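In: coords please:
(2 chains)
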Amino acid sequence: IAGITQAPTSQILAAGRRMTLRCTQDMRHNAMYWYRQDLGLGLRLIHYSNTAGTTGKGEVPDGYSVSRANTDDFPLTLASAVPSQTSVYFCASSLTEKGTEAFFGQGTRLTVV
Amino acid sequence: AQRVTQPEKLLSVFKGAPVELKCNYSYSGSPELFWYVQYSRQRLQLLLRHISRESIKGFTADLNKGETSFHLKKPFAQEEDSAMYYCALTNQAGTALIFGKGTTLSVSS
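Out: Residues are numbered from 1 along each chain as shown, chains lettered A, B, ... in the order given. Below is the predicted model:
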């Protein structure tokens, strides 16, 4: 089934540990994004990639890194997790970066303790 | 700076009542505006975009450049409309969507 898939669905992580959230899409979309969703703050952009091989920083990039080695995958890494990174993380993709529909994954609920 | 403002965190209406979810934006130039919806336990999905001028599930939204608004409207709310609604626009650099903080719509019978 075509779409965008995130893994894991949820995770409890000890502070200081390293964690990679996975995101894969099979729609051959050029652009991919990572957002975090927090109550009262809505969706905030962490990092984005407009095409394979390029990435950019969003509104809240500190503590996160991404890579885009190919079109399909866009992993998000927390090098050393902190409790303020407890959130629901959404990966999304779109055919192009501007004015086209963004498709979202089902989200990863991360709790840092 | 580009920004999306949704002034209401929660909007509660009765079934059959009209609904208006407010969205205001700041943007230099001609914005690309969208409404996204997230139903309970489902992923975020596009509801409508201003360039399409379409009506989806009875919802419409008109871009008012003078008031810098893109309010979402429906004449008669249904219980299945209960969800979180996000207004969004494409950022100035054209690299990603900027979202508002969202409005929870609760429709009760």
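
In: and residue 37, what element?
Out: Just going to use chain A. A:Gln37 is located in strand A:31-38, with elements delineated by DSSP states H and E.

In: Switch to chain B, please.
Out: Judged by DSSP H and E, B:Val37 forms part of strand B:33-38.

In: What segments of the chain are strands?
Out: This is for chain A. Per DSSP state E, chain A carries strands over the ranges A:4-7, A:10-13, A:19-25, A:31-38, A:42-49, A:56-57, A:64-66, A:76-78, A:87-94, A:102-104, A:108-112.

In: right idea, wrong chain: chain B
Out: Under DSSP E, chain B gives strands at B:3-5, B:10-14, B:19-21, B:24-26, B:33-38, B:45-49, B:60-61, B:72-74, B:83-90, B:97-99, B:103-108.

In: okay, those strands in CSV with mean pLDDT, distance to chain A and mean neighbour count next?
Out: Just so you know, the C-beta spots here come from the backbone N, C-alpha and C atoms, and that holds for glycine as well. Shown next, in CSV, are these (pLDDT from 0 to 100; distance: least, CB to the nearest CB, whole Å; neighbours: other CB atoms under 10 Å in any protein chain shown):
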stretch, mean pLDDT, distance to chain A, mean neighbour count
strand B:3-5, 94, 8, 17
strand B:10-14, 97, 11, 13
strand B:19-21, 97, 13, 18
strand B:24-26, 95, 14, 17
strand B:33-38, 94, 8, 23
strand B:45-49, 92, 5, 19
strand B:60-61, 93, 15, 20
strand B:72-74, 96, 15, 20
strand B:83-90, 94, 5, 23
strand B:97-99, 91, 4, 24
strand B:103-108, 97, 10, 17
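
In: Good, wrapping up.
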